[in-house]
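In: Using only what follows, build the 3D model:
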Amino acid sequence: MGYTTLVYYAMVIVLLIVYYVVPKRHRWFVLLLGSIYFYTQVISSKKQLAVFLLSIIVSYITGLILQKIGSSASVTTKRVILFVGISLTAFPLILVRIGDFICGSILHVSKVNWIVPVGLSFYTLQLVAYLADIYKGKINAQTNLMKYALFVTFFPQIIQGPISRYKQLQKSLFDGNSFDPDNIMRGIQLVIWGFFLKYMIADKAAVIVNSVFDNHHAYAGVYVWIAAILYSIQLYADFLSCTTLSQGVAEMFGIHLVNNFSHPYFSASVKEFWRRWHMSLSFWLRDYVYIPLGGNKKGRLFKWINLIITFSVSGLWHGGSWKFLVWGLLHAFYQIIGEVRHGIAVKYDLMYFELKDDRVSAALHKIGTFFLVMMAWIIFRADTLKVSLKMIRSMFTTFNPWVLFDDSLFRLGLNWKECVVLLISIFVLFGVSKVQERGTVIRDWFAGQNTVVRWGIYLAAIWTIWIFGSYGFGFDANDFIYGGF
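Out: Reported below is the predicted structural model:
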């Protein structure tokens with residue numbers, strides 16, 4: 001059962017009916033039952049379930065202990081308890097990532113077939129944040145084990161986030177929400193948009209991307225440029241799709257999940273990119289890694305060291321191999337170089353060029369940032385670090401622009417009609433993003449239209465996705481990319 005299957009939405013409909021029928025004080029229990037059912041459908045073994053339940057119980061008990069000792073225990077005692085609790089909770093994720101890194105990248109032996117529960121990378125960070133927030137006094141521990149289990153297993157976000165904090169979900173999860181037709185409609189809008197992103201962009205782009213990256217020996221030059229650009233778009237559309245579907249379903253229950261993206265490819269610097277990309281992870285790394293290390297309080301050198309450590313954690317969180325570690329370090333390097341460049345501009349009175357805000361300068365900054373991010377995405381997507389470096393080198397050493405005009409690109413898996421649909425869909429995404437970037441809330445515009453207009457647009461969108469989307473061209477929807485992390 002996945003977020004794009006009919007059986008999933010049949011489950012959602014049943015849960016919605018039951019949720020709004022039972023008394024408010026019991027509605028959280030309906031969500032818990034639905035979450036348990038969903039998770040048991042997506043896991044592949046009882047061992048995975050056992051590891052997942054163990055993480056819940058360990059973090060729950062640790063939270064109660066931290067809450068109980070409160071200010072009565074010494075700081076050292078509380079830190080030891082927090083360290084032990086976080087270590088045990090995060091042990092499965094650390095074991096998988098470090099184990100894969102040692103086996104695959106250092107010893108060069110076959111990776112161990114670890115027991116990896118679905119959503120391990122996401123719910124682990126959620127549990128760590130929960131314990132750290134109790135330690136800091138930001139929240140009180142949840143004493144009801146079943147309510148705590150709901151916080152961890154809430155089905156729209158368990159597989160792929162966003163990584164929510166306990167304080168963000170506590171009230172809406174446990175207090176019960178009143179039926180509001182606007183929530184249902186807003187949820188439907190998000191679900192339709194999520195399907196558009198998945199079927200009209202991500203899964204179509206994946207055909208060309210996979211053809212090039214999976215057969216990297218056969219392609220070079222312009223082919224790699226096209227694949228790299230499309231992969232940057234594919235990854236964004238795919239991950240935004242899953243987050244949007246999660247937000248849409250949660251919205252129907254009156255639960256608002258945090259935004260995970262804010263048009264990241266409009267960023268004028270890599271630093272800004274990380275304030276817009278996968279924001280729930282970015283803010284988690286800031287609050288629970290970068291700031292505890294000291295942040296920028298101990299001078300520029302230590303700030304850079306902390307930045308390197310933080311992005312190393314980010315890289316290894318995505319996967320236990322050199323390519324992910326280098327990908328993370330590259331983003332740290334980008335930001336350090338950006339800060340050095342800014343410092344030179346200040347020192348030599350070149351801030352006019354740094355602060356220049358005309359359209360050409362702004363566009364160049366955004367294009368430059370996209371280029372840097374795209375180079376890093378090649379490392380992220382390629383099979384190995386060595387392969388990625390060969391592909392990047394070929395982009396600048398192989399001259400074959402004629403493939404843009406001799407129909408060669410249509411032999412990568414999509415015919416010209418499918419390519420036209422993909423390009424139009426990308427322009428739609430770009431247009432919507434530009435409108436939203438200016439502050440326009442499109443869903444508010446929908447709310448101002450009459451019922452006939454609204455449902456006419458909904459049905460037209462559904463029809464378009466059904467006919468021209470991935471299913472319409474005979475290939476199945478791919479799994480969400482970030483579900484693999």
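In: State which helix of the protein is the longest.
Out: Taking DSSP state H as the criterion, the chain has its longest helix at helix 222-252.
In: Mind checking what helix or strand follows that helix in sequence?
Out: Of the helices and strands lying after helix 222-252 in sequence (DSSP states H and E), the nearest is helix 270-276.
In: Contacts for the helix or strand following that next one next, please.
Out: Remark: after helix 270-276, the chain's next helix or strand is helix 279-285, criterion DSSP H and E. Outside of helix 279-285, the residues within contact range by Cβ atoms under 8 Å, 6 or more residues apart in numbering are 125, 129, 161-164, 258-262, 274-275, 310, 313-314, 317. Glycine gets a C-beta too; all of them are placed from N, C-alpha and C.
In: Let me know the next secondary structure element after helix 279-285.
Out: Beyond helix 279-285 on the C-terminal side, the first helix or strand identified by DSSP H and E is helix 291-293.
In: Just the buried residues of that next one, please?
Out: residue 293 (16 or more other Cβ atoms under 10 Å).
In: what does it rub up against?
Out: 306, 309-310.
In: next helix or strand past that helix?
Out: With secondary structure assigned by DSSP H and E, helix 291-293 is succeeded by helix 300-318.
In: Which elements pack onto that next one?
Out: Contact here means 3 or more Cβ pairs under 8 Å, 6 or more residues apart in numbering; DSSP states H and E; on that basis helix 300-318 packs against helix 75-100, helix 120-135, helix 279-285, helix 291-293, helix 322-347.
In: Of the contacts of helix 279-285, keep whichever come out buried.
Out: With burial judged by 16+ other Cβ under 10 Å, the buried subset of the contacts of helix 279-285 is 125, 129, 161-164, 258, 260-261, 274, 310, 313-314, 317.
In: Could you list the low-confidence segments of the protein?
Out: Along the chain, the model assigns pLDDT under 70 to residues 107-108, 346-357, 470-485.
In: residue nearest the centroid of it?
Out: Centroid check for the chain by Cα atoms, centre = their mean gives residue 278 as the closest residue, at 4.7 Å.
In: That one contacts residue 239, doesn't it?
Out: Yes - counting by Cβ atoms under 8 Å, residue 239 is a contact partner of residue 278 at 7.2 Å.
In: Mind listing the shared neighbours of these two?
Out: Joint contacts of residue 278 and residue 239 (Cβ under 8 Å, 6+ apart) are 260-261.
In: Walk me through the domains of the chain.
Out: As given by automatic domain parsing, the domain ranges for the chain are 6-179, 183-484.
In: Look up how far residue 368 lies from the closest residue to residue 392 other than its chain neighbours.
Out: Closest residue to residue 392 apart from its sequence neighbours, by Cβ to Cβ, 6 or more residues apart in numbering: residue 378 at 5.7 Å. From residue 378 over to residue 368 the distance is 16 Å, taken as Cβ to Cβ, to the nearest Å.
In: quick one: which of the two has more around it?
Out: Set side by side, residue 378 and residue 368 show more neighbours around residue 378, with 22 against 13, by other Cβ atoms under 10 Å.
In: That one touches residue 388, doesn't it?
Out: Yes - Residue 378 lies in contact with residue 388 (Cβ under 8 Å); the separation is 5.2 Å.
In: Could you find the closest non-adjacent residue to residue 197?
Out: residue 241 (3.8 Å).
In: what's the burial count for residue 26?
Out: Neighbours of residue 26 (other Cβ under 10 Å): 11.
In: For it, give me its contacts.
Out: Here residue 26 is in contact with residue 176 (criterion: Cβ under 8 Å, 6+ apart).
In: how about a cut-off of 10 Å?
Out: 18-19, 176 (Cβ atoms under 10 Å, 6 or more residues apart in numbering).
In: helix, strand or coil for it?
Out: helix (DSSP: H, G, I helix; E, B strand; the rest coil).
In: quick one: it from residue 15, how far?
Out: Applying Cβ to Cβ, the value for residue 26 to residue 15 is 13 Å.
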